[in-house]
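Asks: No letters, just coordinates:
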């Protein structure tokens, strides 16, 4: 365990949060290569402890940690899950918040360029033209949720 003074705790918090962001981002980037492990877990193969888990799986791991009195893991799981949701939501894909931010930035840059060329700002982006892409992402996301929840029910990862 590391002890911090009130002042050094600020630096420790920033450092820990930065490390957690990097690890979360790396996990998101490796996510597609982990899907086969989820499918194998559904088929009854030995669980890969590094495979993605759903909220169901995180609950099982959290319950195991609480039963064993490992409260550090329990609290860290809650923090990591919350952090993951926040970082995932920032991905520049609709319907996530990051998608809306990306469109707003696009509109700002587009209108800045138009202003430099002596043109008036264009209207807002027509979101209905992006509905197809949004629906594909919702369907893929739903399929991933179904896969991970199924794996966590059929073959959950347990703390030893």
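Replies: Right, received. Where do you want to start? The model shown is predicted, which means the values in this text are computed figures rather than measured ones.
Asks: now residue 66: how far from residue 82?
Replies: 17 Å (CB to CB, to the nearest Å). The way it works is simple: take the backbone N, C-alpha and C, and place the C-beta from them, glycine included.
Asks: How far off centre is stretch 151-160?
Replies: Counting by CA atoms, centre = their mean, to the nearest Å, stretch 151-160 is centred 20 Å from the centre of its parent chain.
Asks: now swap in stretch 81-97 and tell me
Replies: 6 Å.
Asks: Name the surrounding residues that touch it.
Replies: Residues outside stretch 81-97 that contact it (CB atoms under 8 Å, 6 or more residues apart in numbering): 20-21, 24-25, 27-28, 55, 58, 98-103, 127, 130, 133-134, 137-138.
Asks: quick one: which helix or strand includes the most far-flung residue of the chain relative to its centre?
Replies: Most distant from the centre of the chain: residue 118, at 41.3 Å, with distances by CA atoms, centre = their mean. Assessed by DSSP states H and E, residue 118 sits outside every helix and strand.
Asks: I'd like the numbering to begin with 564 instead of 1 from here.
Replies: Got it, first residue is 564 now, which makes that one residue 681.
Asks: any idea how far it lies from residue 688?
Replies: On the measure of CB to CB, residue 681 and residue 688 end up 22 Å apart.
Asks: what's the answer for residue 675, then?
Replies: Counting by CB to CB, the gap from residue 675 to residue 688 is 15 Å.
Asks: Now do the buried residues in the one helix or strand residue 646 maps to.
Replies: Using DSSP H and E, residue 646 falls within helix 634-652. Buried residues in helix 634-652, counted by 16 or more other CB atoms under 10 Å: 636, 637, 640, 643, 647, 650, 651.
Asks: now stretch 588-606
Replies: 590, 600, 601, 603, 604.
Asks: ditto for stretch 658-668
Replies: So stretch 658-668, judged by 16+ other CB under 10 Å, has buried residues 658, 659, 661, 662, 665, 666.
Asks: now stretch 567-578
Replies: Per 16+ other CB under 10 Å, stretch 567-578 contains no buried residues.
Asks: likewise stretch 691-708?
Replies: Buried-residue list, stretch 691-708, by 16+ other CB under 10 Å: 697, 700, 707.
Asks: Right, I'll leave it there.
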